[in-house]
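Q: missing the sequence, but the structure's below:
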């Protein structure tokens, strides 16, 4: 099942040169794990709530690949170039299977709460 790495970043201009080096090197760390950018640095169209910062979304074939990428020596070597110069939050997320039904999930959770 597909997994995702989602980062909500808070860049402060002017960007430190390390951020550019990180950006130049990240794809090489993703390739062995089948990672690909789905969203990177686009301006969000805000439809609810306040938004500060930018978003990055990377897709992986599965959670093992996503974890493997994040924990890899290659990625850990460049990670401080971002984290030391830019605040933010990063998470790994499981995707949902084909045919996912939110109503069925709601029913399951509702029943679990009343049991």
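A: Ah, there it is. Just so we're clear, the structure is a prediction, and the values are computed from it rather than from any experiment.

Q: going forward, measure contacts between C-alpha atoms and count neighbours the same way
A: Fine.

Q: three-state assignment of residue 4?
A: Secondary structure assignment for residue 4 (DSSP: H, G, I helix; E, B strand; the rest coil): strand.

Q: same thing with the one 10 residues further on?
A: Following three-state DSSP, residue 14 is assigned to coil.

Q: Stretch 49-61 - what's its average pLDDT?
A: What stretch 49-61 shows for mean pLDDT is 94.

Q: I meant stretch 65-84, not that one.
A: For stretch 65-84, the mean pLDDT works out to 98.

Q: Any idea how far apart the tips of it sit?
A: 25 Å (CA to CA, to the nearest Å).

Q: now swap in stretch 25-37 and tell me
A: 13 Å.

Q: neighbouring contacts of it?
A: If you take CA atoms under 8 Å, 6 or more residues apart in numbering as the criterion, stretch 25-37 is touched by 56-61, 65-66, 68-69, 72, 74-75, 78.

Q: The residue nearest to residue 68 when sequence neighbours are not counted: how many residues sit nearby?
A: Distances taken as CA to CA, 6 or more residues apart in numbering put residue 33 closest to residue 68, at 7.2 Å, once the chain neighbours are dropped. Residues lying near residue 33 (other CA atoms under 10 Å) number 20.

Q: if I look at residue 33, how far off is residue 60?
A: As for residue 33, its distance to residue 60 is 7 Å (criterion: CA to CA).

Q: So for these two, which residues contact both of them?
A: Common contact partners of residue 33 and residue 60 (CA under 8 Å, 6+ apart): residue 66.

Q: mind listing the strands for the protein?
A: With DSSP state E as the criterion, the chain has strands at 3-10, 36-40, 54-60, 87-94.
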